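[1] Sequence and predicted structure are below.
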Amino acid sequence: MRSTEKRHTDSAVGRKGGKATSDLALIRRVQQGDRSAFDLLVLKYQHKILKLIMRYVRDPSEALDVAQEAFLKAYRAAPTFRGDSAFYTWLYRIAINTAKNHLVAARRRPATFDLDLQDNEQYEVAAKLQDIDTPEGLVLAEEIRSVINEAINGLADELRTAIILREIEGMSYEEIAQTMECPVGTVRSRIFRAREAIDRQLAPLLN
């Protein structure tokens with residue numbers, strides 16, 4: 001009986017840590033010179049990384065170039081990965097920094113953000129959109145979307161990154177802290193301040 005319980009426990013632990021363990025195993029192979037292992041990581045994360053970068057870079061072809069640059073940087077930096085954080089948070093950090101550097105070099109503004117305006121947990125605007133299917137409701141929804149986009153684009157860099165990772169990428173506070181290399185308390189503060197700023201911009205429209 002005890003042996004059976006141990007097998008079940010080990011199996012559950014394996015399932016829970018499967019993603020992290022797989023990523024870690026692959027990056028260790030990369031560190032040993034196995035380029036094909038990095039190709040597997042690219043295949044696994046290329047869509048998520050491209051989606052993240054397109055939050056910052058408007059042009060799809062440019063976003064692809066930035067994504068490729070981010071993966072190249074990650075490959076070159078692979079020997080420095082120690083496993084202190086999850087591989088994907090490390091990769092996200094590289095992608096975000098690469099996108100920011102691209103924007104600075106190109107002197108362009110970040111892209112707009114495709115938010116779900118009917119999600120009660122995001123900005124509490126769903127109650128204002130009960131008649132979303134009416135012409136008036138559709139106009140209001142578009143106005144709200146535009147205001148949110150402008151508000152996010154107008155945020156300080158660290159606030160914008162935190163709110164994107166939380167509300168759009170769905171990352172936990174702990175994961176955001178690892179990605180942004182700051183304490184969890186700082187993440188919470190940045191997200192709170194970002195939401196406050198967005199709420200201030202929305203208030204005239206919703207009142």
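    Great, that's in hand. Note that this is a predicted model, so its numbers are computed, not measured.
[2] got the contact list for L24?
    L24 makes contact with G83, F87 under the criterion Cβ atoms under 8 Å, 6 or more residues apart in numbering. Where you see a C-beta, it was placed from the backbone N, CA and C, and this is true even at glycine.
[3] how much space between it and Q32?
    13 Å (Cβ to Cβ, to the nearest Å).
[4] Repeat that for S189.
    As judged by Cβ to Cβ, S189 and Q32 stand 40 Å apart.
[5] And the helices in the protein?
    2-16, 18-31, 35-53, 60-77, 87-106, 120-123, 135-153, 157-163, 173-180, 184-206 (DSSP state H).
[6] okay, and for this protein, where does confidence drop off?
    For the chain, applying pLDDT under 70 flags the ranges 1-21, 107-141, 206-207.
[7] again, only using 50
    1-17, 116-132 (pLDDT under 50).
[8] So E169 is in contact with I53, correct?
    No: the pair E169 / I53 is not scored as a contact, 11.6 Å apart, by Cβ atoms under 8 Å.
[9] Those two: which has the busier surroundings?
    Using other Cβ atoms under 10 Å as the criterion, E169 and I53 rank with I53 on top: 23 against 16.
[10] who are the neighbours in contact with that one?
    A63, V66, A67, A70, A95, T98, A99.
[11] now swap in V184 and tell me
    V184 sits in contact with Y173, E174, A177, where contact means Cβ under 8 Å, 6+ apart.
[12] again, but for V42
    F71.
[13] and if you look at the one 4 residues further on?
    Q46 is in contact with A67, F71, counting by Cβ under 8 Å, 6+ apart.
[14] Swap in 6 Å and give it another go.
    Not one residue lies near Q46 by Cβ atoms under 6 Å, 6 or more residues apart in numbering.
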